[in-house]
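Participant: Could you look at this predicted model? Sequence included:
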Amino acid sequence: MTLNDFITRFQLHPPVGNQGYPHNAKQSAVLLPLCELEGELHILFCKRPSYLKHHPAEICFPGGKFELADGDLRTTALRESNEELNLAAQHINLIGELDAYWTLTGFEIKPYVGIITDLTAIQPAEDEVEKIFYIPFSALRTPQNWQPLPFVRHNKPRILQGFYTEHGLLWGATAQIVRNLVKQVSV
């Protein structure tokens with residue numbers, strides 16, 4: 001799928017609906033960064049350093065908690081993208097948003113979908129991002145590439161879907177946000 005194919009599908013279909021459960025959540029936002037490499041749509045991912053206290057070595061999108069100075073979650077996503085990737089808002093073409101995703105750990109994550117217009121502008125902040133990498137959207141939308149990940153939370157068995165990459169396991173909220181995006185453009 002090319003970037004133009006994606007944009008057409010993304011704009012034709014409304015979000016698929018909220019996932020998770022409503023509760024008194026801490027608000028946060030992420031940028032779901034898209035780009036086209038060699039004529040094919042890709043999603044940019046970050047891998048967090050292993051020494052971090054929260055979510056060490058996990059694969060994620062640039063993003064974080066809402067701060068009052070942000071004013072809105074869109075600004076949170078852009079601010080965090082700048083802090084983590086040194087990517088200024090002028091290099092991001094926001095094309096829309098997905099429904100919020102509620103995590104089992106008490107966060108509401110609002111994903112904003114944006115096209116990175118200048119990949120050379122990306123300079124990961126070493127204290128927040130160990131590396132960045134790209135996964136073709138075609139691989140992420142292939143159901144056979146996703147694996148069930150059983151686990152227990154509060155004595156209740158659950159199953160999440162995970163996607164193995166050469167940089168580690170894509171799972172949890174980031175994986176579910178990707179899956180929600182795939183559902184939205186595959187309608």
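Facilitator: Thanks, I have the structure now.

Participant: Would you map the strands across this protein?
Facilitator: Under the criterion DSSP state E, strands of the chain are mapped to 26-37, 40-47, 59-60, 63-65, 92-97, 101-102, 107-116, 131-136, 146-153, 156-165, 168-170.

Participant: got the ones you listed as JSON lines, with mean pLDDT columns?
Facilitator: As requested, the strands of the chain are exported to JSON lines (pLDDT from 0 to 100):
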{"stretch": "strand 26-37", "mean pLDDT": "96"}
{"stretch": "strand 40-47", "mean pLDDT": "97"}
{"stretch": "strand 59-60", "mean pLDDT": "96"}
{"stretch": "strand 63-65", "mean pLDDT": "95"}
{"stretch": "strand 92-97", "mean pLDDT": "94"}
{"stretch": "strand 101-102", "mean pLDDT": "89"}
{"stretch": "strand 107-116", "mean pLDDT": "95"}
{"stretch": "strand 131-136", "mean pLDDT": "98"}
{"stretch": "strand 146-153", "mean pLDDT": "90"}
{"stretch": "strand 156-165", "mean pLDDT": "92"}
{"stretch": "strand 168-170", "mean pLDDT": "96"}
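
Participant: got CSV for those, with mean neighbour count and distance to residue 124 too?
Facilitator: For the C-beta atoms, the positions are set from N, CA and C on the backbone; glycine is no exception. Listed next are the strands of the chain as CSV, based on neighbours: other CB atoms under 10 Å; distance: least, CB to CB, whole Å:
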stretch, mean neighbour count, distance to residue 124
strand 26-37, 21, 12
strand 40-47, 21, 7
strand 59-60, 21, 12
strand 63-65, 20, 14
strand 92-97, 16, 15
strand 101-102, 20, 24
strand 107-116, 22, 13
strand 131-136, 16, 6
strand 146-153, 12, 26
strand 156-165, 13, 17
strand 168-170, 17, 16
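
Participant: what's around residue 80, how many residues?
Facilitator: 24 (other CB atoms under 10 Å).

Participant: was I right about it contacting residue 64?
Facilitator: Yes: with contact defined as CB atoms under 8 Å, residue 80 reaches residue 64; the gap is 4.4 Å.

Participant: Can you tell me how far residue 50 is from residue 167?
Facilitator: 12 Å (CB to CB, to the nearest Å).

Participant: out of these two, which sits in the more crowded spot?
Facilitator: Using other CB under 10 Å, the more surrounded residue of residue 50 and residue 167 is residue 167, with 16 against 9.

Participant: what's near enough to touch the more buried one?
Facilitator: Contact analysis of residue 167 by CB atoms under 8 Å, 6 or more residues apart in numbering lists 45, 47, 59, 131, 133.

Participant: Name the residues linked to residue 30 by a beta bridge.
Facilitator: Residues in a beta bridge with residue 30, per DSSP bridges, are residue 63, residue 111.

Participant: Could you list which residues are in contact with the closest residue to residue 173 other than its chain neighbours?
Facilitator: Distances taken as CB to CB, 6 or more residues apart in numbering place residue 103 nearest to residue 173, at 5.1 Å, with adjacent residues excluded. Neighbouring residues of residue 103 by CB under 8 Å, 6+ apart: 20, 25, 109, 172, 173.
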